[in-house]
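K.L.:
what's the 3D shape of this:
(4 chains)
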2 protein chains.
Amino acid sequence: MARENKTRFAVLGLLSLKPMTGYEMKGIIPKSVGYFWNESFGQIYPMLNQLANEGLVTGVEETEGRHHRIRYTLTDTGHQALRDWLAVEPEYYSLRDELLLKLFFGKETEVAVLRGHLEKALASSRRQLAVYQGIEAELKAIINPRTQTRFSLITVRKGLHWEQAQIEWCLESLAALPPVLQPQEAEPQEPHPQ
Amino acid sequence: MARENKTRFAVLGLLSLKPMTGYEMKGIIPKSVGYFWNESFGQIYPMLNQLANEGLVTGVEETEGRHHRIRYTLTDTGHQALRDWLAVEPEYYSLRDELLLKLFFGKETEVAVLRGHLEKALASSRRQLAVYQGIEAELKAIINPRTQTRFSLITVRKGLHWEQAQIEWCLESLAALPPVLQPQEAEPQEPHPQ
DNA sequence: TTGGACATGTAAGCCGTTACATGATTAC
DNA sequence: GTAATCATGTAACGGCTTACATGTCCAA
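P.N.:
As a prediction, this is how the structure comes out:
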């Protein structure tokens, strides 16, 4: 029980980058942690309110004849809460990989279907790899890197390793699967395992 | 909208291996799809009832002086539902990686904390890699492999690639992080980005 | 004047885990 | 007899996504 709400710390972490509004946070996510962490408005706004009630952040309304917006800042307590959480060993995440599930039950379908899935995954990983390579180049091109750059680079490198592994595995699996045969020379069906 | 319930197809897929009870299913998962897919009793039993109501599976009570148990079998309709789902392009899964989140906010904590996380992850991946290598060896040692063996091998190979990538990335990141310094020679703090 | 971006929030509803409830059988 | 395993479920709770509601400001 006592399941911890991770959104909490994602929000605190983002506020540690700089004070921002909920709307800005949602916009910054795809450019920062979005490759490995996501949050929706439905969680950001209630969480910001909750954190404000608990004194971990302070919200300041900016209503100078413009949009009604609330800019949140980490308090010392909030900063310490973030630090405490950072020191806790991260929980391994229980993944749910639909591609693997479909491949595992592969004998129930045609090889062509599986090859199609693998080729889509391969193309997707190649695209994503290029994206990460671009980000990596950008980060490395910064003349006077901040400390943040170093940590951004570490997370991007994870993406690079991950996509490279996915690409290798896709190619290997495509090679391991029998080619798509013409109907008249189709493999005889094996009986289901009992 | 219209969010599809994936548990549905995991259950159908497992029943395609052989007819089984809900309890058996829960026991078989860790030895089959458990490395990339999990289900709890709280989902398995209601789903089996639902699938039976829809005619995708049939449940036969076995009450021969023993435990009350219900063994479920795929119907033709259920088998076709599985095949239809297998042909649909798998959705990419939105991962949530707590280790990456902590590393991304790494400037808020000590390098020693981050090194600790990475070393734990490294050790964990090395253990898991050995597990996958064991399974791979077992699968390859089967003299007359069934079709299922081929697909099990493909999913295990994914695990191997994944863990190897994780290990490489951990080592690289540990090398990239500054060593843990003594307090008197600590790096000067950079200001927060604005 | 109308559409899009800015901006904050709530409600519905499903998903998933955990704990609880119940009871039979088997091994010690 | 008692604990573990077999066996099926339900209930509570929280997480997360999506849709909805509301309103401002600005540019074409």
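
K.L.:
hey, let's count contacts and neighbours off CA atoms from now on
P.N.:
OK.

K.L.:
pLDDT score for residue A:183?
P.N.:
Note for residue A:183: predicted pLDDT of 60.

K.L.:
equivalent analysis for residue A:3, please.
P.N.:
In this model, residue A:3 carries a pLDDT of 65.

K.L.:
now the strands for chain A?
P.N.:
A:57-62, A:69-74 (DSSP state E).

K.L.:
nearest spatial neighbour of residue A:154, skipping sequence neighbours?
P.N.:
Closest residue to residue A:154 apart from its sequence neighbours, by Cα to Cα, 6 or more residues apart in numbering or on different chains: residue B:173 at 6.2 Å.

K.L.:
also residue A:10?
P.N.:
residue B:101 (7.4 Å).

K.L.:
what about chain A, any weak spots by pLDDT?
P.N.:
A:1-3, A:64-65, A:181-194 (pLDDT under 70).

K.L.:
and it, which residues reach DNA strand C?
P.N.:
Contact residues, chain A versus DNA strand C (Cα under 7 Å from any atom of the strand): A:1, A:21-24, A:41-43, A:45-46, A:48-49, A:67-71.

K.L.:
let me have the strands of chain A in a markdown table, extended by mean neighbour count.
P.N.:
Formatted as a markdown table, the strands of chain A follow (neighbours: other Cα atoms under 10 Å in any protein chain shown):
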| stretch | mean neighbour count |
| --- | --- |
| strand A:57-62 | 17 |
| strand A:69-74 | 20 |
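
K.L.:
OK, contacts around the spatially most central residue of chain A?
P.N.:
Taking Cα atoms, centre = their mean as the criterion, residue A:36 is the residue nearest the geometric centre of chain A, at 1.9 Å. Residue A:36 makes contacts with B:94-97, B:100-101, as judged by Cα atoms under 8 Å, 6 or more residues apart in numbering or on different chains.

K.L.:
okay, domains of chain A per the record?
P.N.:
Taking automatic domain parsing as the domain assignment, the ranges for chain A are A:7-87, A:98-177.

K.L.:
can I get the ones you listed in a markdown table with distance to DNA strand D?
P.N.:
Putting the domains of chain A into a markdown table (distance: least, Cα to the nearest atom of the strand, whole Å) gives the following:
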| stretch | distance to DNA strand D |
| --- | --- |
| domain A:7-87 | 4 |
| domain A:98-177 | 16 |
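
K.L.:
wait, what's in contact with the residue nearest to residue A:10?
P.N.:
With Cα under 8 Å, 6+ apart, residue B:101 has these contacts: A:10, A:33, A:36-37.

K.L.:
of all these, which two lie farthest apart?
P.N.:
Greatest spatial distance in the contacts of residue B:101: A:10 and A:36, 11.2 Å, computed using Cα to Cα.

K.L.:
residue B:89: which of the domains of chain A is closest?
P.N.:
domain A:98-177 (6.1 Å).

K.L.:
what distance separates that closest one from the centre of its chain?
P.N.:
Counting by Cα atoms, centre = their mean, to the nearest Å, domain A:98-177 is centred 12 Å from the centre of its parent chain.

K.L.:
which outside residues touch stretch A:46-53?
P.N.:
A:7-8, A:11, A:22, A:57-59, A:72.

K.L.:
got JSON lines for the strands of chain A, with distance to residue A:81 too?
P.N.:
Output for the strands of chain A, formatted as JSON lines (distance: least, Cα to Cα, whole Å):
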{"stretch": "strand A:57-62", "distance to residue A:81": "11"}
{"stretch": "strand A:69-74", "distance to residue A:81": "10"}
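
K.L.:
which of the contacts of stretch A:46-53 lies at the shortest distance from DNA strand C?
P.N.:
residue A:22 (4.0 Å; Cα to the nearest atom of the strand).

K.L.:
contacting residues for that closest one?
P.N.:
By Cα under 8 Å, 6+ apart, the neighbours of residue A:22 are A:41, A:44-45, A:48, A:70-71.

K.L.:
what of residue A:99?
P.N.:
A:117, B:90-91.

K.L.:
kindly provide the distance from the nearest residue to residue A:72 once chain neighbours are set aside to chain B.
P.N.:
Closest residue in space to residue A:72, ignoring its immediate chain neighbours: residue A:59 at 4.3 Å, by Cα to Cα, 6+ apart. Remark: distance between residue A:59 and chain B (Cα to the nearest Cα, to the nearest Å) = 18 Å.
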